[in-house]
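J.: okay, structure incoming, though there's no sequence with it:
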């Protein structure tokens, strides 16, 4: 009689091979890659960024080649043709925000956090997946942009080659810059946990705040302004070094410091807050 | 096995879960019953570590959920709020979840078929009905072949066939020796599905007992008596040890005496009876009575407001 009422403790799958394996970082990265590639919005925004940066670059190449002698130094510089990255950084940054806040908006984050309850591997895996996707798409995009635009300029006799001093740094650096802005967007997404708020914060930080500081009278504002992520980044991706800006490699270090700090804050909050 | 000890969650001033202690055992279906806002979802969120308890602890199979190497194999969860990206297909959602634990594509197909979503598995989840969403949630919960299955309001939005299917599924899982913990705000559903009940109201544990005990204790029979001499009859019945209450003029609700005893008592004193009928309280009424004081948002009847 007691055998009937006694709850059975034998798990059904005890004999069969285990269906689930332990969670590890590689598996978490695989999961995040599946999540990234199975959303249509990922590819649409990436495509827009690729096309936007290339097309703007060709237009600049054509126009600046034609009227080369009237140009300001930063436009005449080889890095001038890379200025499509202003659009590119918005798209890549926003996609970075969305990759994270999309989970909060839909409730997916609850599934994610129960599958990987330690949470921090998810943050790292998302950053790795998105950082790689951005580098792998944006560096070639920047190379194509440069080569195409320089073909236009060469036609008017003002071409510059990838091998000229600083050019390789600028071209590959623009791709790296875009990826770093993407990571910054992702970190802001984790911190703000809301799509509209995340995008506003990102745009405020990389576009609005630097401009506001530019118009403040006095020199202190300008000496602060050059440390903003977008200004530090533009020092890195420019072939001309303007006064009151950081040197290229200092610019990169400052930008990386922003990204690292934002990710660190995101990690602390992710661990501490309820999902 | 789920063990909560002194589990408390406060959101600012508001206490959502208040010092709750219980053990959910394997091999049976345990119902988690309480009105909306009683703290069921918050408790479940704490069990899988989505919310950190303010005080107290909760373990799953002997450890905090987050410390398990393969969480999807320990606990399968369906949370009431949707937890799926609407832009992804059901299949891709499950594949992404499965990847975290190295679960095969074959297993993903298996759970899709098990919940009957094979025809819509490649459609975007945003286009799913509530019932399809619930089925996908159940598929995700079963993905890792978990020892413990925890479902928050699983029958919400399901058609009658789906409700029966869930009942059957839960029973099967419990019979396999798994721990099954399922919440509902409907007593009638729990009476059909569960073996054991944890009842909460306003964040507090009210009952922790088997369903059969609950039904036995709930179904106190009373007798409704109508008589023009209700006042005299009341005194006589009280003298015999009955509990008597009155809901209307000339009407008595008697607990503790049978209809025969009441009829005989009335006849002995030559009191007229208009009605003498046994009344059985329904489970739903018993549940309402139990949680009545702990319901957070209640609708008042006209008399209550006037009183």
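T.: Yep, it's here. This is a predicted model, so every value here is computed, not measured.

J.: need the per-residue pLDDT for residue A:15.
T.: Listed pLDDT for residue A:15 reads 48.

J.: next one: residue A:233
T.: 94.

J.: that one belongs to a helix?
T.: Yes - when classified by DSSP: H, G, I helix; E, B strand; the rest coil, residue A:233 is found to be part of a helix.

J.: burial measure for it, as a count.
T.: Taking other C-beta atoms under 10 Å in any protein chain shown as the criterion, the count of residues near residue A:233 is 28. Where you see a C-beta, it was placed from the backbone N, CA and C, and this is true even at glycine.

J.: repeat for residue B:95
T.: Based on other C-beta under 10 Å, the number of other residues close to residue B:95 is 20.

J.: can you tell me the SS state at it?
T.: Using three-state DSSP, the secondary structure recorded for residue B:95 is helix.

J.: let's see the pLDDT reported for whichever residue of the stretch 201-307 of chain B sits closest to chain A.
T.: Per C-beta to the nearest C-beta, residue B:210 is where the stretch 201-307 of chain B lies closest to chain A, at 10.9 Å. Per-residue pLDDT puts residue B:210 at 91.

J.: just residue A:81 next, same as before
T.: The predicted structure scores residue A:81 at 92 on the pLDDT scale.

J.: try the one 3 residues further on
T.: In this prediction, residue A:84 carries a pLDDT score of 93.

J.: pretty sure it contacts residue A:51?
T.: No - counting by C-beta atoms under 8 Å, residue A:84 does not reach residue A:51; the two are 9.6 Å apart.

J.: overlap in contacts, these two.
T.: When contacts are counted by C-beta atoms under 8 Å, 6 or more residues apart in numbering or on different chains, residue A:84 and residue A:51 have no shared neighbour.

J.: which of the two has more neighbours?
T.: With other C-beta under 10 Å as the criterion, residue A:84 and residue A:51 differ in neighbour count, and residue A:84 comes out ahead with 24 against 14.

J.: quick check, central residue of chain A?
T.: Centre of chain A computed as the mean C-alpha position; nearest residue by C-alpha atoms, centre = their mean is residue A:182, 1.3 Å away.

J.: check chain B too.
T.: With distances taken as C-alpha atoms, centre = their mean, the residue of chain B nearest its centroid is residue B:33 (2.5 Å).

J.: can you list phi and psi of it for me?
T.: Residue B:33 adopts backbone torsions of phi -120, psi 140, taken as degrees, to the nearest 10.

J.: what pLDDT does the spatially closest residue to it that is not a sequence neighbour get?
T.: Closest residue in space to residue B:33, ignoring its immediate chain neighbours: residue B:199 at 4.8 Å, by C-beta to C-beta, 6 or more residues apart in numbering or on different chains. The predicted structure scores residue B:199 at 91 on the pLDDT scale.

J.: part of a strand, is residue B:199?
T.: Yes - in this structure, residue B:199 lies within a strand as judged by three-state DSSP.

J.: my read: it touches residue B:35, true?
T.: No - with the criterion set as C-beta under 8 Å, residue B:199 and residue B:35 do not qualify as a contacting pair; they are 9.9 Å apart.

J.: what residues do the two have in common as contacts?
T.: Listed contacts common to residue B:199 and residue B:35 are residue B:291; contacts here mean C-beta under 8 Å, 6+ apart.

J.: on that earlier part again, distance of the residue nearest to the centre of chain A relative to chain B?
T.: Computed as C-beta to the nearest C-beta, to the nearest Å, the residue A:182 to chain B distance reads 19 Å.

J.: any idea how far apart the tips of stretch B:244-262 sit?
T.: One end of stretch B:244-262 to the other measures 12 Å (C-alpha to C-alpha, to the nearest Å).

J.: do the same with stretch A:152-166
T.: End-to-end for stretch A:152-166, by C-alpha to C-alpha: 20 Å.

J.: do the same with stretch B:70-90
T.: The distance separating the two terminal residues of stretch B:70-90, taken as C-alpha to C-alpha, comes to 22 Å.

J.: for that stretch, buried residues please.
T.: Of the residues in stretch B:70-90, those with enough neighbours to count as buried (16 or more other C-beta atoms under 10 Å in any protein chain shown) are B:70-80, B:82-90.

J.: that one and chain A in contact?
T.: Yes - judged by C-beta under 8 Å from any C-beta of the partner chain, stretch B:70-90 and chain A are in contact via B:70-73, B:75, B:77, B:79, B:81-89.

J.: which of those residues fall within helices?
T.: B:71-73 (DSSP state H).

J.: of these, just say which sits nearest to chain A.
T.: For those, the residue nearest chain A by C-beta to the nearest C-beta is residue B:73; the value is 3.7 Å.

J.: strands of the stretch 1-150 of chain B, start to end?
T.: Listed in chain order, the strands found in the stretch 1-150 of chain B under DSSP state E, counting those that start in this stretch are B:2-11, B:14-24, B:29-33, B:55-60, B:75-78, B:148-152.

J.: could you export those strands as TSV, including mean pLDDT?
T.: Converted to TSV, those look like this (pLDDT from 0 to 100):
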stretch	mean pLDDT
strand B:2-11	96
strand B:14-24	95
strand B:29-33	95
strand B:55-60	96
strand B:75-78	95
strand B:148-152	96
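
J.: closest to residue B:289 out of these?
T.: When these are compared for distance to residue B:289 using C-beta to C-beta, the nearest one is strand B:29-33, at 13.3 Å.

J.: other SSEs contacting that closest one?
T.: helix B:40-47, helix B:160-175, strand B:179-184, helix B:187-193, strand B:196-201 (3 or more C-beta pairs under 8 Å, 6 or more residues apart in numbering or on different chains; DSSP states H and E).

J.: need these in CSV with mean neighbour count, can you?
T.: Output for those, formatted as CSV (neighbours: other C-beta atoms under 10 Å in any protein chain shown):
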stretch, mean neighbour count
helix B:40-47, 25
helix B:160-175, 16
strand B:179-184, 26
helix B:187-193, 20
strand B:196-201, 24
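
J.: worst average pLDDT in the ones you listed?
T.: Summarising mean pLDDT across the helices and strands packed on strand B:29-33, the least confident stretch is helix B:187-193, with a mean of 85.

J.: okay, the residue nearest to residue B:122 when sequence neighbours are not counted: pLDDT?
T.: For residue B:122, ignoring the flanking residues on the chain, the nearest one in space by C-beta to C-beta, 6+ apart is residue B:89 at 5.0 Å. At residue B:89, the model reports a pLDDT of 96.

J.: re the thing from before, quick one, what contacts the residue nearest to residue B:33?
T.: When contacts are taken as C-beta under 8 Å, 6+ apart, residue B:199 is in contact with B:33-34, B:205-208, B:214, B:287, B:290-291.

J.: now, these that are in helices?
T.: Among the contacts of residue B:199, the members falling in helices (DSSP H) are B:214, B:287, B:290-291.

J.: coming back round to it: buried among the contacts of residue B:199? Need that as a selection in ChimeraX.
T.: Paste this into ChimeraX to select the buried members of the contacts of residue B:199, with burial taken from 16+ other C-beta under 10 Å:
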select /B:33,34,205,206,207,214,287,290,291
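
J.: what is the burial count for the residue nearest to residue B:163 when sequence neighbours are not counted?
T.: Distances taken as C-beta to C-beta, 6+ apart put residue B:155 closest to residue B:163, at 4.7 Å, once the chain neighbours are dropped. Other residues within reach of residue B:155 by the criterion other C-beta under 10 Å amount to 22.

J.: next, give phi and psi for residue B:155.
T.: Torsion angles at residue B:155 (phi, psi; degrees, to the nearest 10) stand at phi -90, psi 0.

J.: surely residue A:162 and residue A:149 touch.
T.: No - because the distance of 11.6 Å does not satisfy C-beta under 8 Å, residue A:162 is recorded as not touching residue A:149.

J.: neighbour count for the two, which is higher?
T.: The residue with more neighbours, out of residue A:162 and residue A:149, is residue A:149; 29 against 14, by other C-beta under 10 Å.

J.: work out for me the element the more buried one sits within.
T.: Per DSSP states H and E, residue A:149 falls inside helix A:120-155.

J.: nice, that's everything, thank you.
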